[in-house]
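**Student:** Only the shape, not the letters, is given here:
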């Protein structure tokens with residue numbers, strides 16, 4: 001089995017701690033608004049940002065503790081894409097719709113900006129290269145595609161849409177479907193780009 005260097009484990013622990021810190025701060029903010037831990041967790045669970053960063057926290061904690069057995073190339077590539085999606089969508093579509101201060105602003109920065117950059121840097125520095133294939137982007141699509149109906153079903157019971165670009169009440173179904181398709185296609189293309197980059201960075205066999 002491939003060895004996982006101590007520096008890679010320490011870096012993974014750092015990424016996990018940043019994710020956990022952002023999630024904890026966001027929990028305290030949600031708790032102050034909702035008044036109960038259960039309501040705070042339920043509210044947070046509606047956001048793709050929270051889901052993606054929770055997955056990242058668990059994955060990097062596992063990598064820090066277990067090393068190579070947890071650091072599968074497909075998993076590292078997938079979480080790089082997910083956190084990248086979180087950062088890009090927030091920056092392009094959501095940043096100007098929120099006016100956060102204090103702890104909320106800190107949690108927002110950690111989860112939307114710092115984590116995508118840290119995860120991308122970790123993938124570039126430590127992920128084994130040359131291990132991804134064109135099927136991986138299709139596998140990576142599962143979580144975002146599953147989130148779309150999940151978010152819509154939640155909205156029917158809560159009366160609140162997690163994100164304005166999936167607000168069927170305000171935008172109508174055609175607009176929401178177009179938004180979802182644009183994000184899905186961009187995500188798939190980004191996945192293919194990541195596979196290409198993985199191949200370009202793969203170690204070359206020594207020449208005879």
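**Tutor:** Cool, got the structure. Predicted model, so just to flag it, every value in this text is computed and none were measured.

**Student:** contacts, neighbours, all on C-alpha from now
**Tutor:** Will do.

**Student:** Low-confidence ranges, the chain, go.
**Tutor:** 1-2, 206-208 (pLDDT under 70).

**Student:** Now do the helices for this structure: every range, in order, please.
**Tutor:** 6-34, 37-44, 48-66, 73-89, 102-109, 115-126, 136-140, 142-158, 168-171, 173-200 (DSSP state H).

**Student:** For the third one, what is the distance to the chain centroid?
**Tutor:** In this view, helix 48-66 has its centroid 9 Å away from the chain centroid, taken as CA atoms, centre = their mean, to the nearest Å.

**Student:** Report the inter-axis angle for it versus helix 37-44.
**Tutor:** Counting by axes from the mean of the first three to the mean of the last three CA atoms, to 10 degrees, helix 48-66 lies at 100 degrees to helix 37-44.

**Student:** What values do phi and psi take at residue 127?
**Tutor:** Dihedral pair for residue 127: phi -60, psi 140, per degrees, to the nearest 10.

**Student:** Quickly note the distance from it to residue 159.
**Tutor:** Counting by CA to CA, to the nearest Å, the gap from residue 127 to residue 159 is 41 Å.

**Student:** Repeat that for residue 29.
**Tutor:** 21 Å.

**Student:** Just want to know which of these two has more residues nearby.
**Tutor:** residue 29 (17 against 11; other CA atoms under 10 Å).

**Student:** List the residues that contact the residue sitting nearest the centre point of the chain.
**Tutor:** Centroid check for the chain by CA atoms, centre = their mean gives residue 83 as the closest residue, at 2.9 Å. Neighbouring residues of residue 83 by CA atoms under 8 Å, 6 or more residues apart in numbering: 49, 52-53, 56, 112, 115-116, 119.

**Student:** Go again with 10 Å.
**Tutor:** 48-49, 52-53, 55-56, 89, 111-120 (CA atoms under 10 Å, 6 or more residues apart in numbering).

**Student:** Over to residue 6?
**Tutor:** Contacts of residue 6 by CA under 10 Å, 6+ apart are 12, 64, 67.
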